[in-house]
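Kindly return the folded structure for what I paste below:
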Amino acid sequence: MNPLHPLTIPTYRQLFAAMVLTIFAQGAWALYLTMQTLDLGATPATLSGVVAWSGIGLLAGSLPAGVIADRFPNKSVIVGVLALNLAIATATSTAAILDFVTFWMLAVSAFISGASTAFFFPAYTALVPVLVDSDDLMAVNGLEGATRPLVGQALAPAVVGALIGASMPAAGGYLIAAAIGLGLLAALRLPTPTRAETEADADAAADSPITDLLDGFRYVSRTRWVRSSVLFAAVMGLVVTGPLEVLLPALMRSSHDNGPALYGAVLAALGAGGLVGSLLAGSWRTPERFLPAMVGVWALGCLPLSIPALTSNPWAIGAGLAFYGALIGIGMVIWGTVLQEHVPLEVLGRVASLDFFISIAFMPLSIALTGLFSRFIDSRTLFITAGLVPLATAALLLALGQLKMPQKTLAEA
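As a prediction, the model looks like this:
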């Protein structure tokens, strides 16, 4: 299968362009917000207080986003998100140019931008299977998985950082606004919902939003393959995020004179692995037994996280993180595809948003717990835990029969 084939579909090209530009803006926004806040003379505590509102906004918007994606036309949701983010980026940059931007204004813009961005991806996820055939879903998710590290983690910070360094933070804000504006133009060119789709959305909107949200929870809890996937991802996020974001930079800094640069290099290796893994998976067909395949690659991918317990050699750690990134990328492509293939469209947005909520909710918890446990437990033990607990969790789910494929799903695959 050609992983680039979906780009030959005119309607998907517009959605892909909107997605790429949104990821660019999202990746650049964190750097812009930091630089704009520091430009006002922020202390580390003040900076933390401003930047934290982006994550709070993402968390606050993640569950309502799924309800909105299932109740209203997804094109309208995407257009609304991009229009709001365009207004926020433009207003913040203009306030900075006019010299009346304040810390509270930046915090409010961070919250609104984070919350509105949380609405984009459930709507995007639900719209993809409407625009492309099921045979192209693996390729579509491979493209998305490759875009995140390439555009969001590498290109966006580099371009905006260079622009800010050569001029002022507000220039970076205007570049972000320009990217969002182009994404908005692409979204406006997406197909308009048919009358039948609009009527279905109107019927859904007649129900209570709380009822819709609870229905999403019920679907996840009673559908074994979704429940097992989300449970495994929650455990993995809980034991992996903290060691990667807290213990690893501390290890590199204490073990090497150029520790910060080496930490950046090993993270680049992780991103490169994710890029390769996503593109590779995008050229495959969905595995028939996707649940054990997906959980298996995630569990095996975490094993190299134990390497820092054995050595601080950056080459060994970088190679391990590249392997980790590749297998996590493969698993994420499979996960995104099977959601779009097997979850009914009427609940797809809510399932995608619940997955997103769990993934981001466990990140700060993992960081906090890692900081707490590191006072009493040797960091080597925590690295080994990060490498082995996902594998043990997969083995436990297998022993409990939670990785069996339902016969109906096997017949559909």
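
quick one, what contacts Leu300?
Neighbouring residues of Leu300 by Cβ atoms under 8 Å, 6 or more residues apart in numbering: 327, 391. Glycine gets a C-beta too; all of them are placed from N, C-alpha and C.

Need the mean per-residue confidence for whichever strand or helix holds it.
Using DSSP states H and E, Leu300 sits within helix 290-302. Per-region confidence: helix 290-302 scores 94 on mean pLDDT.

swap in stretch 14-23?
For stretch 14-23, the per-residue pLDDT averages 91.

Tell me how far Ala187 lies from Leu303.
To Leu303, Ala187 is 40 Å away according to Cβ to Cβ, to the nearest Å.

for Val297, same thing?
Taken as Cβ to Cβ, the span from Val297 to Leu303 is 11 Å.

Have a look at these two and say which one is more surrounded.
Neighbours around Val297 and Leu303, counted as other Cβ atoms under 10 Å, are more numerous at Val297. The numbers are 23 against 17.

ok, the more buried one touching Leu327?
Yes. Judged on Cβ atoms under 8 Å, Val297 makes contact with Leu327 at a distance of 4.6 Å.

who touches both of those two?
By Cβ under 8 Å, 6+ apart, no residue touches both Val297 and Leu327.

thought Ile23 was touching Ala146?
No. Using Cβ under 8 Å, Ile23 is not in contact with Ala146, being 10.7 Å away.

quick one: which of these two has more around it?
Ile23 (25 against 22).

For the more buried one, give me its contacts.
Counted by Cβ under 8 Å, 6+ apart, Ile23 has contacts 147-148, 151-152, 156.

low-confidence ranges in the stretch 201-350 of the chain?
Where the stretch 201-350 of the chain drops to pLDDT under 70, the residues are 201-207, 260.

At the geometric centre of the protein, which residue sits there?
Phe356 (7.2 Å; Cα atoms, centre = their mean).

nearest residue to that one other than its sequence neighbours?
Ser62 (5.0 Å; Cβ to Cβ, 6 or more residues apart in numbering).

avg pLDDT for the helix or strand hosting the one you found?
Following DSSP H and E, one finds Ser62 within helix 44-71. With pLDDT averaged residue by residue, helix 44-71 scores 81.

And stretch 88-108, by the same measure?
Rounded mean pLDDT across stretch 88-108 is 91.

got the contact list for it?
Against stretch 88-108 from outside (Cβ under 8 Å, 6+ apart): 25, 29, 33, 36-37, 39-40, 42, 46, 49-50, 53, 109, 112-113, 116, 168-171, 173-174, 176-177, 180.

Out of the residues you listed, which sit inside helices?
When DSSP state H defines the helices, the subset of these inside them is 25, 29, 33, 36-37, 39, 46, 49-50, 53, 109, 112-113, 116, 169-171, 173-174, 176-177, 180.

Next, count neighbours for the nearest residue to Arg380 once chain neighbours are set aside.
Spatially, and ignoring its direct neighbours in sequence, Arg380 is nearest to Ala309 (3.9 Å; Cβ to Cβ, 6+ apart). Ala309 is flanked by 20 other residues according to other Cβ under 10 Å.

So Ala309 is in contact with Thr385, correct?
No. In this structure, Ala309 is not within contact of Thr385 by Cβ under 8 Å, at 9.3 Å.

Pull up the overlap in contacts between these two.
Joint contacts of Ala309 and Thr385 (Cβ under 8 Å, 6+ apart) do not exist.

Can you give the domain ranges for this structure?
1-206, 209-413 (automatic domain parsing).

Do you have the helices of the stretch 251-400 of the chain handy? List them.
For the stretch 251-400 of the chain, the helices defined by DSSP state H, counting those that start in this stretch occupy 259-282, 290-302, 314-342, 345-373, 379-399.

Make CSV from those helices and add distance to Thr94 to it.
Output for those, formatted as CSV (distance: least, Cβ to Cβ, whole Å):
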stretch, distance to Thr94
helix 259-282, 32
helix 290-302, 44
helix 314-342, 37
helix 345-373, 30
helix 379-399, 44
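
what's the closest of these to Tyr219?
helix 345-373 (5.1 Å; Cβ to Cβ).

ok, and for that closest one, which residues are buried?
Within helix 345-373, the residues that count as buried by 16 or more other Cβ atoms under 10 Å are 346-363, 366-367, 369-370, 373.

Give the other helices and strands that that helix contacts.
helix 44-71, helix 120-131, helix 209-222, helix 224-242, helix 314-342 (3 or more Cβ pairs under 8 Å, 6 or more residues apart in numbering; DSSP states H and E).

Indicate which one of those is closest to Gly401.
Evaluated over the helices and strands packed on helix 345-373, closeness to Gly401 peaks at helix 224-242, with 8.8 Å, by Cβ to Cβ.

List the buried residues for that closest one?
Buried residues in helix 224-242, counted by 16+ other Cβ under 10 Å: 224-226, 228-242.

can you check stretch 146-161 too?
Within stretch 146-161, the residues that count as buried by 16+ other Cβ under 10 Å are 146-157, 159-161.

Please apply the same query to stretch 289-301.
Within stretch 289-301, the residues scored as buried using 16+ other Cβ under 10 Å are 290-301.
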